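>>> pasting the sequence and the predicted coordinates here, then a few questions.
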Amino acid sequence: MKYIAKPLSKEIADISRGHFSWSDILKGTASAIAVLALLYLLAFGTAHLVAIAIPDSVEKNWLSKPYNYIFENDIIVAEDKQLARSQEIFNTLLANNNDLRELNYRLYLIEAPQMNAFAIPGGGIGITRELLNKVITDAGLAFVLAHELEHHNKRHTLKSFWWAIFWNMAQTLAGVSSADAQEILIFTNSNYSRAFEQEADLYAAQQVYALYGNQKENATELFTVMLAENDSMIDSSLFAWISTHPSTSERIQYIHEEFQRLHEGQ
């Protein structure tokens, strides 16, 4: 007898697709968001507590060692007039800030074609030659250096370092893929870092005002150069939303507003 296959009913034929339910999707999405939010808060809180608990002596004598080894040949020397000027401004900032943490503050020159400055655990501040070439006013350079000093003073560098570690650990334990973890890290870290940048910017504005007066245009010299050299897309609202730094134009605006506030307060 010849077998003749019967056509499947629509219900049976589509069984592999499963039942599409918006409520199930929304519940799953909400659960995932809730888990990530909890992990974020745990990582944030743990990083903050660890960064605060580390004594200055430990950061100064131990956490700084790998970086001192990396940058030991980049330390600024007095024979370079451009760098000697940087050191003089840096020393003035240190002398006028008695409330700084007890770290081993020093400048390092980084021979790089990009304009950049960054805080190094233990009290170090790296600054590129290109930045020194472009920021030519004393007030502009003082702003950059004071900004990095505030990152040290408020433990921003340590908090960001430990937050990245704990956040990645939390996502690994939760089974989030490395690619997804990296994307989530970029988006969740953006607001966290932007708050640090704005806090450091306002502190730097106050230091420049105290040393040089109402030189708001010179204080934002670096950002003016950045706006002139960068593509307009870099300063767009979309890029600023995912960036770890506020947009350049936004920074200029609130720094100038801070100078105005300080001037009117006299």
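Ah, there it is.
>>> for this structure, which spans come out with low pLDDT?
For the chain, the stretches with pLDDT under 70 are 1-20, 32, 36, 69, 72-79, 171, 174-192, 231-245.
>>> show me where it has helices.
10-13, 22-53, 56-58, 65-71, 81-95, 129-134, 138-153, 156-173, 178-212, 216-219, 221-229, 237-242, 248-264 (DSSP state H).
>>> so what's residue 254 up against?
Residues near residue 254 by CB atoms under 8 Å, 6 or more residues apart in numbering: 198, 201, 202, 246. Where C-beta positions appear, they are placed from N, C-alpha and C, glycine not excepted.
>>> one more: residue 137?
Counting by CB under 8 Å, 6+ apart, residue 137 touches 215, 218, 221.
>>> before we move on, back to that, looking at the helices of the chain, which is buried most?
helix 138-153 (a mean of 24; mean count of other CB atoms under 10 Å).
>>> gap between the residue nearest the centre of the chain and residue 227?
Centrality entry for the chain: nearest residue to the mean C-alpha point is residue 193, 4.1 Å, by CA atoms, centre = their mean. Distance, residue 193 to residue 227, using CB to CB, to the nearest Å: 20 Å.
>>> what of residue 162?
Residue 162 sits at a distance of 33 Å from residue 227 (criterion: CB to CB).
>>> also residue 90?
26 Å.
>>> again, but for residue 40
Going from residue 40 to residue 227 by CB to CB gives 32 Å.
>>> check residue 126 too.
23 Å.
>>> please apply the same query to residue 132.
Look at residue 132 and residue 227: by CB to CB, they are 19 Å apart.
>>> again with residue 158
From residue 158 across to residue 227, the span is 31 Å (CB to CB).
>>> and what of residue 61?
Between residue 61 and residue 227 the distance is 40 Å, computed by CB to CB.
>>> over to residue 220?
Using CB to CB, we find residue 220 at a distance of 10 Å from residue 227.
>>> who touches both of these two?
residue 252.
>>> quick check, residue 227 in contact with residue 251.
No: using CB atoms under 8 Å, residue 227 is not in contact with residue 251, being 9.9 Å away.
>>> can you lay out the helices of the chain as a markdown table showing distance to residue 109?
Output for these, formatted as a markdown table (distance: least, CB to CB, whole Å):
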| stretch | distance to residue 109 |
| --- | --- |
| helix 10-13 | 71 |
| helix 22-53 | 27 |
| helix 56-58 | 25 |
| helix 65-71 | 9 |
| helix 81-95 | 6 |
| helix 129-134 | 6 |
| helix 138-153 | 13 |
| helix 156-173 | 19 |
| helix 178-212 | 20 |
| helix 216-219 | 22 |
| helix 221-229 | 17 |
| helix 237-242 | 29 |
| helix 248-264 | 24 |
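>>> which one of the ones you listed lies nearest to residue 122?
When those are compared by CB to CB, helix 65-71 sits nearest residue 122, at 6.5 Å.
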